[in-house]
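Participant: can't give you the sequence, but here's the structure:
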């Protein structure tokens with residue numbers, strides 16, 4: 001099992017791209033507002049990235065179920081997993097939704113008006129993350145720990161700083 005996972009990880013990387021090998025972690029110095037998250041999602045949409053959100057169905061409220069229903073046009077896949085970016089569960093799993101980032105999704109999340117650390121069940125899906133087209137991490141939030149970070153190349157860091165000047169982060 002471990003060998004097949006390692007092979008899959010190697011195959012998903014672009015080893016010819018030296019930039020891919022030199023990503024750095026930048027921790028968010030703020031709780032991203034709904035508007036700033038929207039700006040980050042617009043940045044990600046332009047680069048054909050995906051978003052994930054997580055629901056632990058044993059604690060999901062009717063409000064959260066309604067949000068999942070509203071997001072259904074953007075849901076590309078969902079799976080029960082015990083591990084995703086920034087989190088590893090022991091003894092149970094949660095449903096991880098992969099969403100296509102589109103203008104409608106961005107507008108909907110902005111209208112909800114929740115800062116990133118308020119993505120908490122039972123009222124909301126948790127742990128909003130963004131992945132690149134190759135599946136590598138771009139943005140990770142662990143909402144209940146009030147922790148979020150970007151995994152960026154030097155070029156991406158510069159582009160984010162130019163396109164979203166309100167975004168505050170520090171290199172780790």
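Facilitator: Sure, I can see it. This is a predicted model, so every value here is computed, not measured. Residues are numbered from 1 along each chain as shown.
Participant: and residue 84, what does it touch?
Facilitator: Going by Cβ atoms under 8 Å, 6 or more residues apart in numbering, residue 84 touches 52, 54, 96, 127, 129. In short, each C-beta sits where N, CA and C put it, glycine included.
Participant: count of residues packed around residue 25?
Facilitator: For residue 25, the number of neighbouring residues by other Cβ atoms under 10 Å comes to 14.
Participant: no, scratch that, I was asking about residue 88
Facilitator: 8.
Participant: just residue 135 next, same as before
Facilitator: For residue 135, using other Cβ under 10 Å, the count is 11.
Participant: for the residue positioned nearest the centre of the chain, which three-state class applies?
Facilitator: In the chain, the centroid-proximal residue (Cα atoms, centre = their mean) is residue 129; its distance is 0.8 Å. Secondary structure state of residue 129, per DSSP: H, G, I helix; E, B strand; the rest coil, is strand.
Participant: show me the beta-bridge partners of it.
Facilitator: Residues in a beta bridge with residue 129, per DSSP bridges, are residue 52, residue 140.
Participant: if I pick it, what's in contact with it?
Facilitator: 51, 52, 84, 85, 86, 137, 139, 140, 141.
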